[in-house]
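In: Provided below are the primary sequence and the corresponding predicted coordinates.
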Amino acid sequence: MVFTNQESSSTKSASRDLRLPGIGASPGVAVGRALRLDESGRHQFYYVAISGGQVRREVRRLREAFAEARAQLQEIKDKLAHQLGSEHSYILDAHLMILEDDRFQTEIKQAVRRRKINAEWAVRSVTDRIIAAYKQVQDAYLRERSTDIEDIASRLLTILSGHTEFNLSELTENVIIIAEDIWPSTVAELNFNRVLGFATNSGGQTSHSAIIARALNIPAVVGIHNITQNVRTGDAVIIDGTLGEVIVKPTKPVIRDYLIKRETFVEERRPNKQATLPAETLDGVRITLRANVELPNEIESLSLFGAQGIGLYRSEFMFLNRLPDLPDEEEQVELYTRLSDATGEQGASIRVFDLGGDKLSLQGFEAEQNPALGLRGIRLSMRATAVFQTQLKAILRANRRGNLRVVLPLISTITELRLAKQFIANVKRELADSHIEHNPNLPIGVMIEVPAAAMMADIFAREANFLCIGTNDLIQYLLAVDRANENVAYLYQPLHPALLRTIAHLVRVAETVQVPLELCGEMAADPVQAIALIGLGIRALSLVPASIPLIKNAIRSIEEEQVRELMSKAMQLVSASEVEELLARELPLQAPRFFAALSAKG
Ligand code: PEP
Ligand code: MG
């Protein structure tokens, strides 16, 4: 990517306080000056018909460019490993693999030889064709991989042009990056100490940039469509990664408000003495707060935030940028052992691969008419049995300390649970027969994400070791609202009485059957919703580690008995907005230290 000082093409850039909505990919607030990375500013190159005598020269230029691109990518990979830990450097592996692929290089060289065209044009035409093919693919993850090819093409063209790019690692001022998309190698090149936040036209929750932003705690908004048209380098911008909004050219009062909001956000999440205090209400009810983890490099900071083990390890994140190469058994054993070592007595719940649906899928299982209702979660694992078996073997082998648990996603029938348990028992038997060291003591939990599973929870509770409510999906399926569709986002209502009643039912079942019950959806990271859940009787929450101090603070400011009464009133109400109003009115009265301050900060 190149640095641009070009004027914004949009007339809107003159207006102040322009608010552009997008997808909040990483929470938090950033206030600063924009640095726009502009792809239209890339070097121009042309079709040049060459003579037979020039072919050798062009092929040599290509060979040199391949070698130089390889050296550059290797350097970035090493730097990334150094900055973020080796588990992130795999992002560059896909690039290196494509670049070093014989067919890829040969095809470009053949284009020069056969069509008698210059090296630049050969790179552009071949990569354009590959990108077009990727874009046709149904699978969202694979479609996104076209950006890897574009990234390589751009690097090769830059090298061929002899142009040196602005080096993002040499940023000397703090900036907010604005770009069409942030490509993996650009992310790798960035000097993160200088990047306050970023906003992009494209990208989604699972794009690399979003995941890295979350892991590094950099606020980010993606999928804004028109951010690059509305911002030029040097413009003041505010990124609200929590709300999913960018404010371009904010007025002074707005900047002031957001600086306060930023301070509050940072302060509330600062790991401090709170980390060692119990999450206990004023009337002495203890709540367990565990961590939701997606990336291995988050593991080491868990104790800093006071997490009591891992309540949800989203193991499918291991697949990012890996397909079609799946992580092998040894690699998984190593990772799960790290989870086990880092979480001690509290242990870790590893959710077995939750692939399919709006997430990544496996080869051969991509295209479906209605993926959210299709082959996802446990349904896919029970079909892709080799993948499932490898994962289970790795978990059983890594469980030497006996502190690992597995959780099964998207269970909707008791038969599914029984078959999965049988499958796990078979894997144990195979390990035993082969005399492979493992710990067969592995509690099995069921994610309650499907309304049918919630209704039948008493049956599941008798056959599982614990239940874990996944409200992100439970809301989606209970209210029939696609969790990623902006058009129906207004109907995605965590405080809908239908959900509250469902959760109250699950609490009753867990008490009757005496089975541990946890909750690990995003609701657990929202102070008002988390307190509402405690009022409904939930005693264990799992959430993004950086939000644990905030939620602990909220818990330590309330009386359980009062919020229980409040929620029994809420259960009589008929809509989410009535519940929201009740909580907004009552919580600041009940817990002024926390909630009055929270509403004053807006
Ligand atoms: C959930 O559905 O609430 C959940 C925790 O799982 P995910 O968000 O990964 O689907
Ligand atoms: Mg889910």
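Out: Yes, it's here. Ligands and ions are numbered 1, 2, ... in the order given.

In: got the contact list for residue 352?
Out: Residues in contact with residue 352 (CB atoms under 8 Å, 6 or more residues apart in numbering) are 315, 378, 381, 388, 391, 392, 406, 407, 408, 409. Placement of C-beta: from N, CA and C, glycine included.

In: out of those residues, which are inside helices?
Out: Within these, residues falling in helices by DSSP state H are 378, 381, 388, 391, 392.

In: ok, of the residues you listed, which one's closest to residue 310?
Out: Distance to residue 310 across these (CB to CB) is lowest for residue 391, with 16.2 Å.

In: okay, now the closest one: neighbour count?
Out: 24 (other CB atoms under 10 Å).

In: same question for residue 305.
Out: 24.

In: one more: residue 259?
Out: Neighbours around residue 259, by other CB under 10 Å: 13.

In: surely it and residue 236 touch.
Out: No - taking CB atoms under 8 Å as the definition, residue 259 is not a contact partner of residue 236, at 11.8 Å.

In: any common contacting residues for these two?
Out: Shared contacts of residue 259 and residue 236, counting by CB under 8 Å, 6+ apart, come down to residue 31.

In: where along the stretch 501-602 of the chain do the strands fall?
Out: 517-519, 540-543 (DSSP state E, counting those that start in this stretch).

In: I'd like these written out as a markdown table, with distance to ligand 2 added.
Out: As requested, the strands of the stretch 501-602 of the chain are exported to a markdown table (distance: least, CB to the ion, whole Å):
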| stretch | distance to ligand 2 |
| --- | --- |
| strand 517-519 | 12 |
| strand 540-543 | 12 |
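
In: reformat these as a markdown table; add mean pLDDT and mean neighbour count.
Out: Compiled in a markdown table, those are given as follows (pLDDT from 0 to 100; neighbours: other CB atoms under 10 Å):
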| stretch | mean pLDDT | mean neighbour count |
| --- | --- | --- |
| strand 517-519 | 98 | 25 |
| strand 540-543 | 96 | 26 |
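
In: show me this structure divided up by domain.
Out: 2-41+166-267, 52-161, 287-442, 447-458+470-539+550-602 (automatic domain parsing).

In: touching ligand 2 at all, stretch 456-476?
Out: Yes - Stretch 456-476 reaches ligand 2 (CB under 5 Å from the ion) through 470, 473.

In: now do the SS call for residue 239.
Out: With DSSP: H, G, I helix; E, B strand; the rest coil as the basis, residue 239 sits in strand.

In: quick revisit: can you redo the ones in helices among the contacts of residue 352 as TSV with pLDDT?
Out: Converted to TSV, the ones in helices among the contacts of residue 352 look like this (pLDDT from 0 to 100):
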residue	pLDDT
378	97
381	94
388	96
391	97
392	98
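
In: how about stretch 298-317: buried residues?
Out: 298-299, 301-303, 305-317 (16 or more other CB atoms under 10 Å).

In: could you export the lengthiest strand in the chain as CSV, CA atoms only?
Out: As assigned by DSSP state E, the longest strand anywhere in the chain is strand 29-38. Only the C-alpha atoms of strand 29-38 are listed here, as CSV (Å, rounded to 0.1, in the frame of the first residue of the first chain):
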residue,chain,number,x,y,z
VAL,A,29,-12.2,4.3,21.0
ALA,A,30,-9.4,6.0,19.0
VAL,A,31,-9.2,9.7,18.3
GLY,A,32,-6.5,10.9,16.0
ARG,A,33,-5.4,11.9,12.5
ALA,A,34,-6.0,9.7,9.5
LEU,A,35,-3.4,8.1,7.3
ARG,A,36,-5.1,7.0,4.2
LEU,A,37,-3.6,4.0,2.3
ASP,A,38,-4.5,4.4,-1.2
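
In: following that strand, which helix or strand shows up next?
Out: helix 55-84 (DSSP states H and E).

In: list the buried ones in that next one?
Out: Neighbour counts over helix 55-84 (16+ other CB under 10 Å) mark 55, 58-59, 61-62, 65-66, 69, 72-73, 76-77, 79-81, 83-84 as buried.

In: what's in contact with the longest strand of the chain?
Out: Taking CB under 8 Å, 6+ apart as the rule, strand 29-38 contacts 1-4, 6, 171, 173-180, 182, 186, 196-197, 218-219, 228, 231-242, 250, 255, 258-259, 261-262, 265.

In: quick check: mean pLDDT of that strand?
Out: Average pLDDT, strand 29-38: 87.

In: on that earlier part again, and the contacts of strand 29-38, which of them are buried?
Out: Neighbour-count burial within the contacts of strand 29-38 applies to 1-2, 4, 171, 175-180, 182, 186, 196-197, 218-219, 228, 231-233, 235-242, 250, 258, 261-262, 265; the criterion is 16+ other CB under 10 Å.

In: so of those residues, which ones are in helices?
Out: 186, 228, 258, 261, 262, 265.

In: contact residues of the stretch 401-550 of the chain facing ligand 2?
Out: Counting by CB under 5 Å from the ion, the stretch 401-550 of the chain sits next to ligand 2 at 449, 470, 473.

In: if we go to 6 Å?
Out: Neighbours of ligand 2 within the stretch 401-550 of the chain, by CB under 6 Å from the ion: 409, 449, 470, 472, 473.

In: so which of those residues belong to helices?
Out: 472, 473.

In: which residue does the stretch 151-300 of the chain bring closest to ligand 1?
Out: For the stretch 151-300 of the chain, the residue closest to ligand 1 is residue 292, as judged by CB to the nearest ligand atom, at 6.9 Å.

In: and that residue, how far is that from residue 407?
Out: Plainly put, residue 292 is 12 Å away from residue 407 if you go by CB to CB, to the nearest Å.

In: what comes up buried for the longest strand of the chain?
Out: Here strand 29-38 shows 29, 30, 31, 32, 34, 35, 36, 37, 38 as buried, counting by 16+ other CB under 10 Å.

In: so which residues on the stretch 301-450 of the chain come close to ligand 1?
Out: Residues of the stretch 301-450 of the chain lying close to ligand 1 (CB under 6 Å from any ligand atom) are 312, 314, 354, 449.

In: can these go into a markdown table with extra columns for pLDDT?
Out: Output for those, formatted as a markdown table (pLDDT from 0 to 100):
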| residue | pLDDT |
| --- | --- |
| 312 | 96 |
| 314 | 91 |
| 354 | 91 |
| 449 | 97 |
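
In: good, wrapping up.
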